[in-house]
Every structure is written in C-alpha cells, then in structure tokens.
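**Q** Generate a structure from the sequence data that follows.
(one chain, ligands or ions: 1)
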Amino acid sequence: MTPAAESGDADTVGRMGRPRIGIGTGLERARWSYWDQQAMLLPRSYIAAIQRAGGMAVMLPPDAALAEDPDEALELLDALVLAGGADIDPGAYGEEPHPETKGTVPERDAFEVALTRAAIERDLPVLGICRGMQLINVAQGGTLLQDLPEHYGHHEHRREPGTFEGADHDVRLEPGSLAARAAGEELHSTKSHHHQGIESLGRDLRITGWSVLDDLPEALEAPDRQFVLGVQWHPEADEKSRLIDALVREAAAARAR
Ligand SMILES: [Mn+2]
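**A** Sure thing, here's the model as predicted:
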C-alpha cells in the first residue's frame with residue numbers, strides 16, 4: 001500500500017472526487033412492483049460496500065459495443081469489480097455443461113471477460129468476487145470445476161442456496177500476498193455461496209488462498225499487477241471484511257497519481 005493510499009484520503013477525494021468503481025451487473029429475469037422482466041441488476045450489498053468505502057459505484061450492464069472496445073468504459077474508471085452471479089457458460093473455457101451448471105448468461109460472460117482482459121492489460125485495480133474470481137481465471141485461459149459437491153462429496157461451500165447461513169468456512173491466505181494484505185489477516189473467515197471452483201489456473205495468475213476444508217483455491221492474484229485479486233467468498237456481505245476498502249483505497253491512490 002502506498003502512503004498516498006493510507007493518508008490524505010479526504011484531501012484526495014476533495015480534489016479529485018471519489019474514485020469511480022465500475023461493477024458489472026447481472027442480466028436476469030426479475031420481479032418488482034407490477035413487473036416481471038429481464039433486468040440488469042446487482043444486490044444492494046455490493047453497491048453499499050463500495051459507497052461505504054468512499055467509492056462511487058458505476059454499474060456496467062452487458063454492452064456489445066463495450067465488449068468490442070472495453071477501453072471506452074475503462075478510461076472512465078479507477079477500478080473494476082466483478083460481482084457474483086450466474087455460472088459461467090462452460091463454452092467460454094471449451095467444455096460441455098455439467099447437469100448442475102444452470103442459468104448461464106453468455107452475453108454477460110463475454111462482456112465481463114472483455115472488460116477483465118482489458119483492465120488487467122492496463123493494470124487497473126480489479127476485484128473479482130465469487131463468480132468474479134472464476135471469471136478472472138477464465139479470462140486468462142483457465143478452467144473451472146463445474147460441480148464441487150460431485151468432486152469433493154460435500155456441500156460446505158454452499159449449505160443452502162440463497163443464503164450464506166452455515167457456509168462460513170475459513171480460508172488460509174499466503175503470508176505477504178495481496179489477498180492477506182487486503183484481508184488484514186492470514187486466517188480469514190468467509191461468507192461462502194458457490195458450487196463451482198478453479199480447476200486449471202489461467203495465465204499470469206497465482207493461487208494465494210485455500211479453503212481449510214479441502215484446499216480448494218479461494219483466492220487468486222496477478223503478481224505482476226498492482227491489484228488484481230479474485231476471492232471465492234463474499235466480502236460485500238461481511239461487515240468485518242476490509243477487502244472492498246482495500247480496493248477503493250488502491251483506486252483512490254491510482255486516481256491521485
Ligand atoms: Mn468456499
């Protein structure tokens with residue numbers, strides 16, 4: 001962490017405005033008021049966590065033109081968050097869907113893969129959460145395990161669909177890694193809700209966190225970048241987590257440079 005990131009945040013924000021944190025939205029059928037339609041959506045917890053950390057959240061819906069030219073959006077941003085959500089279409093890593101791989105949205109996948117590759121290329125700070133960590137791996141040519149319960153014979157990474165209840169296993173973080181520095185500790189409790197995970201690792205990435213349950217990769221990062229981090233758990237759902245604050249601080253420092 002640079003000194004600029006730790007001190008003078010208020011001055012920096014006053015001069016520069018809040019750091020702009022882009023976050024890819026889901027594309028899902030949703031119901032509200034009288035309506036039942038396709039919607040671009042995110043749980044409020046992601047937006048609230050970015051705002052609490054001092055960032056301005058900029059929602060990025062799937063956009064075919066941006067998938068062609070991601071820099072048009074990235075030029076406006078100081079960091080990129082890849083949120084949780086639907087399983088990634090296994091076609092994106094050259095595999096057939098497992099029966100438990102459901103609700104895929106290839107339009108969102110293609111958009112976010114393009115954004116992620118371009119963000120890593122220009123060394124924009126990136127935080128991938130759950131699906132977002134898997135997406136960083138796929139964007140870099142890695143593959144996913146499509147159904148952890150089949151592979152490991154347990155449901156500890158997602159006890160009950162739709163809640164984090166009971167799935168709060170710990171992860172071990174590599175001492176000195178970005179994951180450990182951002183979390184502020186090397187044994188970290190998590191809010192977990194996933195049934196897929198990393199299989200083969202993508203280019204220029206390193207695994208720096210593992211589940212204490214089964215050694216499943218739970219954090220990955222790009223060691224030759226300032227801040228490219230993926231975590232398999234949900235910091236936005238955990239008031240104690242410092243990960244999103246770390247991203248926003250990094251974005252503020254990058255903005256001030
Ligand atoms: Mn897990």
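
**Q** quick one, longest helix in this structure?
**A** Identified as the longest helix of the chain according to DSSP state H is helix 106-121.

**Q** now that one: mean pLDDT?
**A** On average, the pLDDT along helix 106-121 is 98.

**Q** Look up phi and psi at the closest residue to residue 94 other than its chain neighbours.
**A** Closest residue to residue 94 apart from its sequence neighbours, by CB to CB, 6 or more residues apart in numbering: residue 143 at 7.6 Å. For the C-beta atoms, the positions are set from N, CA and C on the backbone; glycine is no exception. Main-chain dihedrals, residue 143, degrees, to the nearest 10: phi -130, psi 170.

**Q** same question, residue 252
**A** phi -60, psi -40.

**Q** Tell me how many other residues crowd it.
**A** For residue 252, the number of neighbouring residues by other CB atoms under 10 Å comes to 24.

**Q** tell me what the longest helix of the chain is packed against?
**A** Applying 3 or more CB pairs under 8 Å, 6 or more residues apart in numbering; DSSP states H and E, one finds that helix 106-121 contacts strand 20-24, strand 26-32, helix 64-68, helix 71-74, strand 79-82, strand 126-129, helix 131-139.

**Q** For the longest one, what is the distance to the chain centroid?
**A** So the one you mean is helix 131-139. Once both centres are worked out by CA atoms, centre = their mean, to the nearest Å, helix 131-139 turns out to sit 8 Å from its chain's centre.

**Q** Tell me where this structure has helices.
**A** 3-6, 9-16, 44-52, 64-68, 71-74, 106-121, 131-139, 148-152, 178-183, 243-256.

**Q** could you say what helices and strands the last one packs with?
**A** Read it as helix 243-256. helix 3-6, helix 9-16, strand 20-24, helix 44-52, strand 79-82, strand 126-129, helix 178-183, strand 228-231.

**Q** What of the fourth one?
**A** Contacts defined by 3+ CB pairs under 8 Å, 6+ apart place helix 64-68 against helix 71-74, helix 106-121.

**Q** what is the orientation angle of the last one with strand 20-24?
**A** Put plainly, it is helix 106-121. Using axes from the mean of the first three to the mean of the last three CA atoms, to 10 degrees, the direction of helix 106-121 lies 140 degrees away from that of strand 20-24.

**Q** what about helix 106-121, distance to the chain center?
**A** Distance of helix 106-121 from the chain centroid (CA atoms, centre = their mean) equals 12 Å.

**Q** where does the stretch 101-250 of the chain come near the ion, residue by residue?
**A** Applying CB under 5 Å from the ion, we find that the stretch 101-250 of the chain lies next to the ion at 157, 192.

**Q** let's see it at 6 Å
**A** 157, 169, 192, 194, 211, 218, 232-233 (CB under 6 Å from the ion).

**Q** can you list those in JSON lines and add neighbour count?
**A** Output for those, formatted as JSON lines (neighbours: other CB atoms under 10 Å):
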{"residue": "157", "neighbour count": "24"}
{"residue": "169", "neighbour count": "19"}
{"residue": "192", "neighbour count": "24"}
{"residue": "194", "neighbour count": "20"}
{"residue": "211", "neighbour count": "22"}
{"residue": "218", "neighbour count": "30"}
{"residue": "232", "neighbour count": "29"}
{"residue": "233", "neighbour count": "32"}
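
**Q** Out of those residues, which is nearest to residue 139?
**A** Taking CB to CB as the measure, residue 139 lies nearest residue 232 of those, at 15.8 Å.

**Q** Confidence-wise, which of the helices and strands packed on helix 243-256 is weakest overall?
**A** helix 3-6 has the lowest average pLDDT among the helices and strands packed on helix 243-256, namely a mean of 44.
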